[in-house]
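Colleague: Predicted model and sequence below, questions to follow.
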Amino acid sequence: MKKRELFLSVLAFFVLISTGIAGTAFAQSFPAKTIRIILPFPPGGPTDFYARLVAQKLTDYLGQQVLVDNRAGASGIIGTEMVAKAAPDGYTLLFMSTHHAINPSLYKKLPYDAVKDFTPLTLVAANPNVLVAHPSLPVNSIKELIALAKAKPGQLNYASNSIGGGNHLSAELFKAMAGIDIEHIPYKGQAPAMNDLLAGHAKLMFTSVGLTVPNVKAGKLKALGVTSPKRVANLPDVPAIGETVPGYEANSWFGMWGPARMPKEIVSRLNRELVKALQSPDVKKRFKEMDAEAGGDSPEEFAAFQKAEMAKWAKVIKDIGLQLD
């Protein structure tokens, strides 16, 4: 071997060793300052609740302040882009919903790649929704709804809180799998959609279990089926839609990511503390009160889950010909 080649080989060897030592030292000192969790939605909603609960637990476990920074706008795109462009040092993280798997197919162009520009950390929670009907609709089960919709194609309607949102796409997935035609009435937000449903102007809606239970118990709405594979504690008599439409599942979910190219030691540390937080009895209890199932999987498992969700919603979006600017 020539002297130059030998010199370059030895140099590369020492660079590799020194880089590994530096990375390990950095991981051992992490975190040395405040960690910021970017939440691309406004404060006050379910996503905000989950994020702040997790942030408080991480503060306890990591020994450094973990803050939630609400950066709402454009279906979560603005805040998500901030994390994609942040330094991959573990101090800027993303807390995002199902929209992270929906937006890549929904929008013509995003300022980031939902897979390549992020490091998966863990699934935080899965939250079922419920299909509810106005009492005037003469159905009391998913089976009866499908029969009525087939008898009156295009004559029934459902409300959603936005075009391309989880509730909208959950309904479109249900329509496709059940082989029915129901008209979509989009609203600008959850409140106006729910108000029109309660008034009987809209007849059906996919919505969160927590928002639905009081109206169901008061007889203002009928709960026909939940979107999770199994029944939920707050609506124990309401079957899963999948009991009638095999394979149907459309949970809302929440997860955490960091920017791409984060050191594996930092990823391991954050995942370890997140799993510990999510599996703690008090967090699991709070999640259960919201009919949410706490997560806590590995980064690899979460990456595979995200990939499957992206494929599922991409098909729904393509089948209905939906795309936003």
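Modeller: That came in fine, so what should we check first? Residues are numbered from 1 along each chain as shown.

Colleague: Going by C-alpha atoms from here, please, whenever you check contacts or count neighbours.
Modeller: Noted.

Colleague: Which positions within stretch 266-278 qualify as buried?
Modeller: By neighbour count on 16 or more other C-alpha atoms under 10 Å, the buried set for stretch 266-278 is I266, V267, R269, L270, N271, R272, E273, L274, V275, K276, A277, L278.

Colleague: contacting residues around that stretch?
Modeller: 27, 30, 54, 57-58, 61-62, 89-90, 121-122, 124, 283-284, 294-299 (C-alpha atoms under 8 Å, 6 or more residues apart in numbering).

Colleague: Just give me how far stretch 179-188 sits from the chain centre.
Modeller: From the chain centre to the centre of stretch 179-188 is a distance of 22 Å (C-alpha atoms, centre = their mean, to the nearest Å).

Colleague: Only the buried residues of that stretch, if you could.
Modeller: So for stretch 179-188, counting by 16+ other C-alpha under 10 Å, buried means I180, D181, I182, H184, I185, P186, Y187.

Colleague: I'd like those as a markdown table, with secondary structure and pLDDT appended.
Modeller: Formatted as a markdown table, these follow (DSSP: H, G, I helix; E, B strand; the rest coil; pLDDT from 0 to 100):
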| residue | secondary structure | pLDDT |
| --- | --- | --- |
| I180 | coil | 98 |
| D181 | coil | 97 |
| I182 | coil | 97 |
| H184 | strand | 97 |
| I185 | strand | 97 |
| P186 | strand | 96 |
| Y187 | coil | 94 |
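
Colleague: For F14, give me the pLDDT.
Modeller: For F14, the pLDDT comes out at 45.

Colleague: same check, this time on the one 5 residues further on
Modeller: As predicted, T19 sits at a pLDDT of 45.

Colleague: for T24, same thing?
Modeller: 51.

Colleague: Quick check: the gap between A171 and G164.
Modeller: A171 sits 11 Å away from G164, going by C-alpha to C-alpha, to the nearest Å.

Colleague: Mind listing the shared neighbours of the two?
Modeller: Contacts common to A171 and G164, judged by C-alpha under 8 Å, 6+ apart, are absent.

Colleague: surely V238 meets T227?
Modeller: No. Taking C-alpha atoms under 8 Å as the definition, V238 is not a contact partner of T227, at 10.5 Å.

Colleague: Tell me the backbone dihedrals of the closest residue to F206 other than its chain neighbours, please.
Modeller: Spatial nearest neighbour of F206, excluding adjacent residues (C-alpha to C-alpha, 6 or more residues apart in numbering): L131 at 4.4 Å. Main-chain torsions, L131, degrees, to the nearest 10: phi -90, psi 120.
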